[in-house]
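# Below is the sequence, then the predicted model.
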Amino acid sequence: MGGKPYKYAKKGAGRHVQLPEWVQATEAWATLKPGPRALYIELKRRFTGSNNGRILLSHRDAAKALNVHRNTVGQWFQELQDRAFIRMTQGPCLGPSGVGMTSHWALEELPCDDLKTAPKGFAIWRKIQKPRTKERTPCHNHCDTRGNLRVVKQ
């Protein structure tokens, strides 16, 4: 007897991208603009479950997938790296036959092939706050910073 014919089409609902709630709850994700978020989802889409650290995505392929200009996605890659969502494991280079090779990326929320734990640096990322100055500039030319009158010599 062969397999059950009614189970042939029930092999699964297809691939999907999982974005955990704890990643979305971080300050790094909450303050991220929509463009870098879409790029992160595209990188995660290319993750197969065993290729973290070897995810291939060039700027041109990312621009084509996200329907933007290729010069735009470079800033998005940099922003994701600054916030520790992704890490470049191998930079772009010219291969031995003269054909260009793309960058290899690793998602920081998942362990890499070397079985080390995931760094999850984005969880501790904080937005840099500009310090507030205590002294104000004088409101008038004849007053100092505390409001006292200054003697102007002529």
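Cool, got the structure. Numbering: from 1, shown residues only.
# tally of neighbours for the closest residue to T31 other than its chain neighbours?
The shortest distance from T31 to any residue that is not its chain neighbour, by C-beta to C-beta, 6 or more residues apart in numbering, is 5.8 Å, and that residue is K127. Bear in mind the C-beta positions are built from the backbone N, C-alpha and C, glycine included. Other residues within reach of K127 by the criterion other C-beta atoms under 10 Å amount to 9.
# Check the gap between K127 and R83 for me.
The span separating K127 from R83 equals 10 Å under the rule C-beta to C-beta, to the nearest Å.
# Equivalent analysis for W22, please.
Look at W22 and R83: by C-beta to C-beta, they are 15 Å apart.
# Who has more neighbours out of those two?
With neighbours defined as other C-beta under 10 Å, W22 and R83 compare such that R83 has more, 21 against 10.
# quick one: contacts for that one?
Under the criterion of C-beta atoms under 8 Å, 6 or more residues apart in numbering, the neighbours of R83 are A28, L32, F122, W125.
# any idea of the mean pLDDT in stretch 98-105?
Stretch 98-105 shows a mean pLDDT of 88.
# Find the centremost residue of this protein, please.
Centrality entry for the chain: nearest residue to the mean C-alpha point is L80, 2.0 Å, by C-alpha atoms, centre = their mean.
# With that, I have no additional questions.
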